[in-house]
Every structure is written in C-alpha cells, then in structure tokens.
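K.L.:
Give the three-dimensional model of this entry:
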Amino acid sequence: MGGRLTDTVKTLLVANVLFFFGTAYVGEYAFKVFALWYPENENFEYWQIFTHMFMHGSTTHIFFNMFMLFIFGSVMEQSIGQKRFLFLYISAGLGAAALQLFFNYINFTGAYQAYIEAGYNEEHIKETLQFTADMKDRIRISSGIPKETTQTLVSSYLSSMVGASGAIFGLLAGFAMLYPNLPLYLLFIPIPIKAKYLIGAYFLLDVYAAISGASILGESNIAHWAHIGGAIVGFFMVLYWKKNNERNQWN
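P.N.:
Modelled structure (predicted):
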C-alpha cells in the first residue's frame with residue numbers, strides 16, 4: 001500500500017490546519033459565518049454546507065481528525081485514485097451534514113408542533129428562540145410545555161456543526177471495505193484487530209450514542225448522526241466501485 005503522503009491528503013491537511021488557525025484568530029465570528037447552522041437559524045448560509053468541513057472546535061478535535069486522515073487517507077487515495085478519493089471525501093462530508101440536519105429537523109419540527117398544539121403562535125416561538133439565543137444558558141419556560149420540549153426546540157435551532165469527522169468516517173468505512181482483514185492496532189493496546197471489526201465497532205458505538213443519547217465514552221457534543229451519515233456514504237460508494245471491479249489491485 002505504501003507509506004507516501006499523497007498530494008490530495010497533503011492539501012487537505014494543510015487546508016484544515018490553516019483554516020483552524022485562521023478561524024481561531026478571527027474568533028466567534030468565524031463560527032457564526034462558517035459553521036453549519038440549522039437552516040431555520042438566521043446564521044445559516046448555503047456555503048456552510050462545505051465550509052463546516054474545515055472548521056474544528058478545539059485542538060483535540062482537529063488533531064484526531066487530521067491524525068485519521070494522515071493514517072488512512074494516503075492509503076485510500078493510492079487505492080482508488082485522486083479523483084475518486086476527493087469525491088469520496090467531499091460526498092461523505094455532505095452525507096454527514098445531510099443526516100445530522102435531517103434528525104435536527106425531526107427534533108425541531110416535533111417540538112415546534114407541540115407549541116402550536118398548545119396554542120402558542122409563531123411569534124411566541126420566535127421570541128422563545130431569540131430569548132435563549134441572547135441569554136445562551138437560560139431557557140424561557142412556556143406554560144403547558146414540558147421543559148424537555150423547549151430544550152429540544154432551542155438545541156436544534158441553535159445547533160451548529162463543525163469538523164471533518166463525517167468525511168473521515170467515510171474514509172474509514174471505505175478502508176474497511178477495501179482492506180477488511182488488515183490488522184490495525186489501537187494506541188497502547190498491542191493486539192491486532194481486523195479493520196472490519198475495529199471500524200465496525202466504532203460505527204456501532206456511534207449508532208448507540210445517536211439513538212440513546214448516551215455515549216459510552218462519556219458526555220460530549222459529538223454529532224453522532226454526522227459520523228453515521230459519512231460512514232454510510234463511504235460504505236456504499238466503495239461497495240459500488242468494488243462491484244464494478246474497475247481497479248484490479250483492490251482486495
């Protein structure tokens with residue numbers, strides 16, 4: 001498979017790092033402009049569908065994503081070619097955003113409908129959302145509406161998504177499809193685990209966390225549905241390419 005850092009991976013690494021330091025310098029305004037906001041939110045812009053993939057919320061966040069890109073990216077690019085690799089990376093990122101927004105939409109509309117059925121009008125709902133946006137850590141309580149419903153409404157409305165994680169999960173799923181039996185090692189655990197089992201287990205942990213709302217690894221603000229969306233895109237895209245058998249070197 002080779003260990004050379006490929007051109008596209010190198011470009012993505014540089015772009016993500018430069019974007020990270022650039023947005024850190026600009027501050028909160030950069031997240032307002034480039035993070036992916038829920039479409040009902042006034043901060044939403046169409047370009048955020050792409051720019052959010054180059055945003056990261058912390059040093060740990062970007063380190064993990066770039067480490068995964070460094071480890072698996074060049075192997076994938078050498079295996080499927082530069083054009084397909086870039087197409088896979090971007091498509092997985094878009095798929096991640098789509099699935100995360102879809103579930104935010106379900107949560108938002110369900111809570112919104114609860115307000116309407118309780119007799120509140122659109123203006124009251126907007127005021128509730130604006131109050132929470134202005135006060136940040138306070139929620140406006142409405143009579144007859146459970147606090148959990150209001151929390152769902154405002155958390156969906158105020159949700160913003162950043163990071164290359166969806167694209168990275170697409171690469172991981174694709175890697176598991178191409179090299180399912182390749183042994184991988186976890187840090188500090190010198191036991192080889194086949195790629196299909198290690199990456200598959202990671203995927204299942206995200207599914208569990210997304211459905212239950214409780215992460216085995218502890219409380220976090222991870223967009224689990226985004227990880228799942230990226231992995232699904234990567235899995236089926238590479239499956240399609242494999243079935244067409246257009247590259248004889250694939251396993």
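K.L.:
For this protein, just list every one of the strands.
P.N.:
In the chain, the segments counted as strands under DSSP state E are 36-37, 160-161, 183-186, 189-194.
K.L.:
Which pLDDT value belongs to the spatially closest residue to residue 191 that is not a sequence neighbour?
P.N.:
Residue nearest to residue 191 in three dimensions, not counting chain neighbours: residue 185, with 7.3 Å by Cβ to Cβ, 6 or more residues apart in numbering. All C-beta atoms are positioned from the backbone trio N, CA, C, and that covers glycine. Here the pLDDT value assigned to residue 185 is 79.
K.L.:
Quick check: residue 185 touching residue 195?
P.N.:
No: assessed by Cβ atoms under 8 Å, residue 185 is found out of contact with residue 195, at 10.9 Å.
K.L.:
When the two are compared, which one has more neighbours?
P.N.:
residue 195 (19 against 11; other Cβ atoms under 10 Å).
K.L.:
Could you measure from the more buried one over to residue 124?
P.N.:
Using Cβ to Cβ, to the nearest Å, we find residue 195 at a distance of 52 Å from residue 124.
K.L.:
likewise residue 133?
P.N.:
Counting by Cβ to Cβ, the gap from residue 133 to residue 124 is 15 Å.
K.L.:
next one: residue 6
P.N.:
Counting by Cβ to Cβ, the gap from residue 6 to residue 124 is 54 Å.
K.L.:
quick revisit: tell me the contacts of the residue nearest to residue 191?
P.N.:
Residue 185 makes contact with 191, 192, 193, according to Cβ atoms under 8 Å, 6 or more residues apart in numbering.
K.L.:
what's near enough to touch the nearest residue to the last one once chain neighbours are set aside?
P.N.:
Sequence neighbours aside, residue 184 is the residue nearest to residue 193 in space, at 5.7 Å (criterion: Cβ to Cβ, 6+ apart). Under the criterion of Cβ under 8 Å, 6+ apart, the contact list for residue 184 reads 192, 193, 194, 195, 198, 199.
K.L.:
redo that, cut-off 10 Å
P.N.:
Residues near residue 184 by Cβ atoms under 10 Å, 6 or more residues apart in numbering: 71, 72, 175, 176, 192, 193, 194, 195, 196, 197, 198, 199.
K.L.:
Could you turn the buried ones of those into a ChimeraX selection?
P.N.:
Of the contacts of residue 184, the buried ones go into a single ChimeraX selection, burial set by 16 or more other Cβ atoms under 10 Å:
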select :72,175,176,195,196,198,199
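K.L.:
tell me which of the contacts of residue 184 is nearest to residue 101?
P.N.:
Nearest to residue 101 among the contacts of residue 184: residue 199, at 24.4 Å, using Cβ to Cβ.
K.L.:
Could you tell me which ranges of the stretch 51-200 of the chain sit under the pLDDT cut-off?
P.N.:
Applying pLDDT under 70 to the stretch 51-200 of the chain picks out residues 134-137, 187-189.
K.L.:
Could I get the contacting residues of residue 162?
P.N.:
20, 23, 30-31, 34-36, 48, 51-58, 61-62, 223.
K.L.:
give me that answer again for 8 Å
P.N.:
Going by Cβ under 8 Å, 6+ apart, residue 162 touches 31, 34, 35, 36, 52, 55, 56, 57, 61.
K.L.:
Residue most distant from the centroid, this structure?
P.N.:
Computed with Cα atoms, centre = their mean, the residue of the chain farthest from its C-alpha average is residue 119, at 35.8 Å.
K.L.:
Apart from its neighbours in sequence, what residue is nearest it?
P.N.:
Residue 119 sits nearest to residue 144 (Cβ to Cβ, 6+ apart), 7.6 Å away.
K.L.:
from what I can see the one you found touches residue 118, true?
P.N.:
Yes: between residue 144 and residue 118 there is a contact at 4.8 Å, judged by Cβ under 8 Å.
K.L.:
okay, those two: which has more neighbours?
P.N.:
residue 118 (14 against 11).
K.L.:
Thank you, goodbye.
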